[in-house]
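A.B. asks: model this:
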Amino acid sequence: MALAMSWVPAQAQTLDSLLRPVEHLLTRAPKQVNHFTRAKYQSDVGEGVSEQHAFEPGATWDCGFSPEGGASSRVIRAINEVRTRPGNDATILVAAYAFTSLPIARALIAAHDRGVKVAVVADATENRKPASKVRMLMESGVAVRFDNRLQMLHHKFLVLDGTAVETGSFNFTKAAASEQHAENACVFRNSPQMAATFTGAWQRLWRESDPAS
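C.D. replies: Predicted coordinates for the structure are as follows:
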């Protein structure tokens, strides 16, 4: 399916233009997921809740753990798998608490450079610190917004091309990948329903956040 989108600088990003490549997932997802992403996360009725769902046929998952080293590699591999296709944009939506991992930042920049539409919503307090790699992402053309509304944006997940999700305890940080941390990172592939649910959570954060500067 051809989905065209014009990518503009972060300051001019709108929610509609950013989500256009994955809009079909929000409108074609099963009724329960569609209700969650549209009604729950586009209103102020309270905390979003997704009901229990079975995995779609063909969905797969794998998990990595640190300090064994598998968590960081799972995240980077998932980013590297996202590729543009003729007539179809590819997207990576990032929600991050702390972001100090140079390898993950480089993987996202490489994705951006090969034409993937990358956008990051991040905790404002953590990512104004000197060690944050968010400034590096911004300087490379990645769209970034800071959540100044909440006391803490503690998410750490990726929505990958509208069909896969990476999530877990693993922050995108150097410390999380060290031998001093026990962490997990799981990648769920070929699951548009899960991706639509996480996209709903992400789009609310993006809408309520401020362009980073």
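
A.B. asks: The closest residue to Gly69 other than its chain neighbours - how many residues pack around it?
C.D. replies: Leaving aside its sequence neighbours, Gly69 sits nearest to Ala177 (C-beta to C-beta, 6 or more residues apart in numbering; 7.4 Å). Where you see a C-beta, it was placed from the backbone N, CA and C, and this is true even at glycine. When neighbours are counted by other C-beta atoms under 10 Å, Ala177 registers 24.

A.B. asks: Could you double-check that Ala177 lies in contact with Ala71?
C.D. replies: Yes: contact criterion C-beta atoms under 8 Å: Ala177 and Ala71 qualify, at 6.9 Å.

A.B. asks: shared neighbours of those two, anything?
C.D. replies: Common contacts of Ala177 and Ala71 (C-beta atoms under 8 Å, 6 or more residues apart in numbering): 170, 183.

A.B. asks: wait, what's in contact with the residue nearest to Gly69?
C.D. replies: The contact partners of Ala177, by C-beta under 8 Å, 6+ apart, come to 66, 69, 71-72, 101, 170, 183.

A.B. asks: wait, is it part of a helix?
C.D. replies: No: using DSSP: H, G, I helix; E, B strand; the rest coil, the assignment for Ala177 is coil, not a helix.

A.B. asks: So it versus Asn88, what's the distance?
C.D. replies: 32 Å (C-beta to C-beta, to the nearest Å).

A.B. asks: Flag the shaky bits of this protein, pLDDT-wise.
C.D. replies: By pLDDT under 70, the weakly predicted segments of the chain are 1-52.

A.B. asks: Mind checking what secondary structure Leu205 has?
C.D. replies: Following three-state DSSP, Leu205 is assigned to helix.

A.B. asks: count of residues packed around the nearest residue to it once chain neighbours are set aside?
C.D. replies: Take Leu205 and drop its neighbours on the chain: the residue closest to it by C-beta to C-beta, 6+ apart is Val121, 4.6 Å away. Neighbourhood size, Val121 [other C-beta under 10 Å]: 25.

A.B. asks: OK, contacts around Val121?
C.D. replies: By C-beta under 8 Å, 6+ apart, the contact set of Val121 is 94-96, 144-147, 153, 202, 205-206, 209.

A.B. asks: In helices only, show me those.
C.D. replies: When DSSP state H defines the helices, the subset of the contacts of Val121 inside them is 202, 205-206.

A.B. asks: So which of the residues you listed is surrounded by the most neighbours?
C.D. replies: In terms of neighbours by other C-beta under 10 Å, those top out with Trp202 at 25 neighbours.

A.B. asks: How much space separates the nearest residue to that one once chain neighbours are set aside from Ala107?
C.D. replies: Among residues not flanking Trp202 along the chain, Leu93 sits closest, at 4.9 Å (C-beta to C-beta, 6+ apart). As for Leu93, its distance to Ala107 is 15 Å (criterion: C-beta to C-beta).

A.B. asks: Of the two, give the one with the bigger neighbour count.
C.D. replies: With neighbours defined as other C-beta under 10 Å, Leu93 and Ala107 compare such that Leu93 has more, 28 against 21.

A.B. asks: just checking, the more buried one touches Asp161?
C.D. replies: No: with contacts counted by C-beta under 8 Å, Leu93 stays clear of Asp161, the gap being 9.5 Å.

A.B. asks: Give me the buried entries from the contacts of Ala177.
C.D. replies: 66, 71-72, 101, 170, 183 (16 or more other C-beta atoms under 10 Å).
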